[in-house]
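Q: here's a sequence, model it:
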Amino acid sequence: MSVDFLGKVTVNQNHREAMADVRDMYMAHTVFRREFSLLPQLVRDVRPGDVSRAEVVGAHAEMLCHTLHLHHEGEDLLLWPRLLERGGEKAAAIVPTMEAQHHAIEDAHAAVVALLPAWRRTGRGGDQLADALEHLRAALIEHMAMEESEILPLAERHVTAAEWMELGEHGMARTPKKRLPLAFGLVMYEGDPEVIKAVLAHAPLPARLLMPIIAPRLFAAHARRVHGTATPPRIGASTR
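A: Reported below is the predicted structural model:
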């Protein structure tokens, strides 16, 4: 689901360019922490054979898995090479770990994706799918914590605002347009209003005007279908 496309107003004195403001990445991580933490129990709560409910939860899981894949694909293509080129010894020490964690997460992600279709069709095999989701969640939580403590400070110093925007553009270009408002609603649910406003400042005028109205409504309706409430448990943003 991914929305990491905010430009920072501080200036790199060597290049006179605005540098990346990584606060939007914390918001994206909050979505992943919340939704992937809730997913295993959502799956376990589906009665065996309840195909209708399995489809609702399964579609939600598929959307999150697709968003996560795009999020990490963008980092693999656009972030790691730049940090390795510019970040010196610190980047050289941590980026290979990030890449290895991405491979582990992709393996766990592939296991979930392989189990999803049959479960959505039959409503059976939920325990196996929930276990796979737990494994994915554990790998993801570990990775995001390390990324926040080690990678994002490097990105603030070595990645320009324009380059940072490319991460968000990568995900948005590969997400169906009809899904983008819901994706933004997922972020807005716990997002910092100041950062949300800054992100929207880069959007076309219609999106700036309509997204704050449409996105929360879409998320509330989606959350009622998936979680049974418009206000699912908040996991809280990570502190910097």
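
Q: how far away is His222 from Leu186?
A: Using C-beta to C-beta, to the nearest Å, we find His222 at a distance of 8 Å from Leu186. The C-beta positions use only the backbone N, C-alpha and C, and glycine is treated the same way.

Q: hey, which helix is longest across this structure?
A: When the chain is parsed with DSSP state H, its longest helix is helix 88-122.

Q: packing partners for that helix?
A: With contacts taken as 3 or more C-beta pairs under 8 Å, 6 or more residues apart in numbering; DSSP states H and E, helix 88-122 sits against helix 51-74, helix 80-86, helix 126-146, helix 152-158.

Q: immediately after the last one, which helix or strand?
A: Same thing as helix 152-158. Once helix 152-158 ends, the next helix or strand along the chain (criterion: DSSP states H and E) is helix 161-173.

Q: tilt between that following helix and helix 51-74?
A: In terms of direction (axes from the mean of the first three to the mean of the last three C-alpha atoms, to 10 degrees), helix 161-173 departs from helix 51-74 by 150 degrees.

Q: what's the average pLDDT for helix 161-173?
A: Within the predicted structure, the mean pLDDT of helix 161-173 is 94.

Q: tell me which of His222 and Leu186 has more neighbours.
A: The neighbour comparison of His222 against Leu186 (other C-beta atoms under 10 Å) goes to Leu186, with 28 against 18.

Q: can you get me the start-to-end distance on stretch 185-194?
A: Taking C-alpha to C-alpha, to the nearest Å, the first and last residues of stretch 185-194 lie 15 Å apart.
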